[in-house]
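[1] predicted model and sequence below, questions to follow.
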Amino acid sequence: MDNVDVARLFEEVADLLEIQNENAFRIRAYRTAARTIETMGRPVAEMVRADGARLAELPGIGEDLAGKIEEIVRTGRFPLLEQLARKVPETLVQMMRIEGVGPKRARLLYENLGLKTLADLEKAAKEGRLSAVRGFGKVLEMRILRGCAEHRVRASRCRLSEADVHVQPLLAHLAEAPGVEKLEVAGSYRRRKDTVGDVDILVAARRPEEIARRFVSYPEVARVLARGESKCSILLRSGLQSDLRIVPPESYGAALHYFTGSKAHNIAIRTLGVKKHLKINEYGVFRGRRRVGGRSEEEIFRAVGLPWIPPELREARGEIEAAREGKLPKLVDVTDIRGDLQMHTDATDGKNTLAEMVEASRARGYEYVAVTDHTHAVRVAGGLSGSEFRRQFRRIETLNRRLSGITILKGAEVDILPDGRLDLDEETLADLDVVLVSVHSKFHMTEGAMTERVLRALQHPRVRIFAHPTGRILGRREPYPIDLGRVARAAADLGVLLEINAQPDRLDLNDVHVKIAREAGARFVVSTDAHRIAELDFMRYGIDQARRGWCTAADVANTRPLEDLRKLFSRPGRVAPSVGGSRTGAPPKPYRWAARALRVGTWRRASAAGG
DNA sequence: GCCGTTTTCGGCCCGACTGTTTTCAGTCG
């Protein structure tokens, strides 16, 4: 039972309480607690074993919920959830995912028509039975029917990079409207979340009706969902929903803050306002009827005694406390990046040649790159053997002599075999400037086995980077089970860097993992894993997640100059068990020299000295 | 159900839009 499981149980309780029309604040308490549990570093199971009482010290968790967590962890059962599920079917929660159906209507339909599932709902809507229920009309029935169809098509959120494709033309269209003074995308897009549910656009203008007209007349609109004086919603043909909010310029900062969210962050800020006798809404900060701020976001934060908080941090994951104490991190920026440490060429599954990839990297202003083709075990990618790598090394040496302004590091993305050995011989490993390791097969292991497999690989003295550490692919593959807490602590000890993979469908580690791993002492690289030239531009998506995980430039190794990086990578090698090497069977002990060399303190000082 | 420099009880963020209603509940963000 890990934190995600416990959080999910609390969310289920919250949903069922909502359907049963319980006290809204009790419901919120469960949701707040779920968030706390899901995003904190320490496993609740471990806390229960160590000292259960301390659970109640966590924000949003009191004596009652601490007791419930303890019971869940100890017994694996949650009596409250069982009791709630006896009153109404748990499947009613599915119905609430349909636009226009919330807890009240789901319950009403269950009680009046006996509808229990999404399929029941769609069938009843088709047969025109919904409108017989008091409070439902024909219009709502049609809306629900459409909602069911759209839910099937687009059950999931869309990747940030996909949203980018659709957002830019829409913005360009809106910018043409008369009287647009300011225009910005807010919401999870501005917070740079890995996926976005819809695109929230904010406009400052004096005459909102002109803006609204322009918005709903966008050629890509499939359907207008709502149209009011200051607020409109459209569904684009791509399936993406977009909400527009129009406010006067003096309210722009307040509206931008409100519309950026997250919801939990907004509630926290507004609650701080209440304590200072201020009302904060999307039109400004008010003391009584008098507006005392709202033109800029800074004014909102200042009103509650805080410095401006970057949007990526606004998730109610401790940013408000950090801001109050003056401890907000100075977040890493894409312009801090000096090189890309994972990319592939046409020697394996890449689409461009070595020379083309390197030239394109140089054109992007990089000081160095690591070329990291696959190893032999990754057959689908045409992985290279030791001798093939050595041929590539000679090409790299030639290029390095010829090129100025950029240095190519010899690298490989070495496959971690199911037993934790590395898929490359010691001789070739010794010739590499940087060894990445990653998992490409046997995803369905137990958490314990997968964790041991990875830990064994990380203990190899030549390993420098653990790439895409959870193996997830957004919308296609769940992360494999692995104890990331242990992996992060081991990586910190061994001086292995964790990769934040910038491929838009990976973004692995994700934001929460990065934050947890960072707190465990781990440090990172952000790499594109580019398989063609254009993908080198994915770097910003990786940086987005690094920022959401609270990373500063000092936390990210490829912000450092080449010489510093070489010091990190060039450690005395020792032959350890791997394919073709000696095989002792037992995993090697951690290498203390590596741990010493890469202690966070040492790194920080080196980083400060190196600028 | 949580929480406390107004409070250990009584608060808990705030507003827009829709559809079904005769004044507002439900949903959404």
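    Arrived safely, thanks for sending. Predicted model only: the values in this text are computed from it and were never measured. Residues are numbered from 1 along each chain as shown, chains lettered A, B, ... in the order given.

[2] ok, the residue of the stretch 201-350 of chain A at minimum distance from DNA strand B - how many residues close by?
    Nearest to DNA strand B, among the residues of the stretch 201-350 of chain A, is residue A:228, at 2.1 Å (Cβ to the nearest atom of the strand). Where you see a C-beta, it was placed from the backbone N, CA and C, and this is true even at glycine. By other Cβ atoms under 10 Å, the residues close to residue A:228 number 11.

[3] give me the phi and psi angles of it.
    Backbone torsions for residue A:228, taken as degrees, to the nearest 10, come to phi -120, psi -170.

[4] likewise the one 10 residues further on?
    For residue A:238, the backbone dihedrals (degrees, to the nearest 10) come out as phi -70, psi -10.

[5] do residue A:226 as well
    Main-chain dihedrals, residue A:226, degrees, to the nearest 10: phi -160, psi 150.

[6] now do the SS call for the closest residue to it other than its chain neighbours.
    Spatially, and ignoring its direct neighbours in sequence, residue A:226 is nearest to residue A:233 (4.3 Å; Cβ to Cβ, 6 or more residues apart in numbering). Recorded secondary structure, residue A:233: strand (DSSP: H, G, I helix; E, B strand; the rest coil).

[7] format the CA atom coordinates belonging to the one helix or strand residue A:80 maps to as CSV.
    Assessed by DSSP states H and E, residue A:80 sits inside helix A:79-87. Output of helix A:79-87 as CSV, limited to C-alpha atoms (Å, rounded to 0.1, in the frame of the first residue of the first chain):
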residue,chain,number,x,y,z
PRO,A,79,-14.3,0.6,6.6
LEU,A,80,-15.6,4.1,5.9
LEU,A,81,-15.3,3.5,2.1
GLU,A,82,-17.0,0.1,2.4
GLN,A,83,-19.8,1.7,4.4
LEU,A,84,-20.3,4.5,1.8
ALA,A,85,-20.3,2.1,-1.1
ARG,A,86,-23.1,0.1,0.5
LYS,A,87,-25.4,3.2,0.3
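
[8] tell me which helix or strand comes right after that helix.
    helix A:92-95.

[9] other SSEs contacting the helix or strand just after that following helix?
    Toward the C-terminal end, the helix or strand that comes next after helix A:92-95 (DSSP H and E) is helix A:103-113. Packed against helix A:103-113, as judged by 3 or more Cβ pairs under 8 Å, 6 or more residues apart in numbering; DSSP states H and E, are the following elements: helix A:3-19, helix A:92-95, helix A:118-126.

[10] which outside residues touch helix A:103-113?
    Helix A:103-113 is contacted from outside by A:15, A:18-21, A:88-89, A:92-93, A:95-96, A:101, A:115-116, A:120-121, A:124, A:129-130, A:132-133, A:135-136, using Cβ atoms under 8 Å, 6 or more residues apart in numbering.

[11] among those residues, the buried ones, what's the PyMOL command?
    Those of these that count as buried under 16 or more other Cβ atoms under 10 Å are selected in PyMOL with:
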select buried, chain A and resi 15+18+19+88+92+93+95+96+101+115+116+120+121+124+129+130+133+136
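
[12] pretty sure residue A:285 is in a helix, no?
    No. Looking at residue A:285 with three-state DSSP, it is strand, so not inside a helix.
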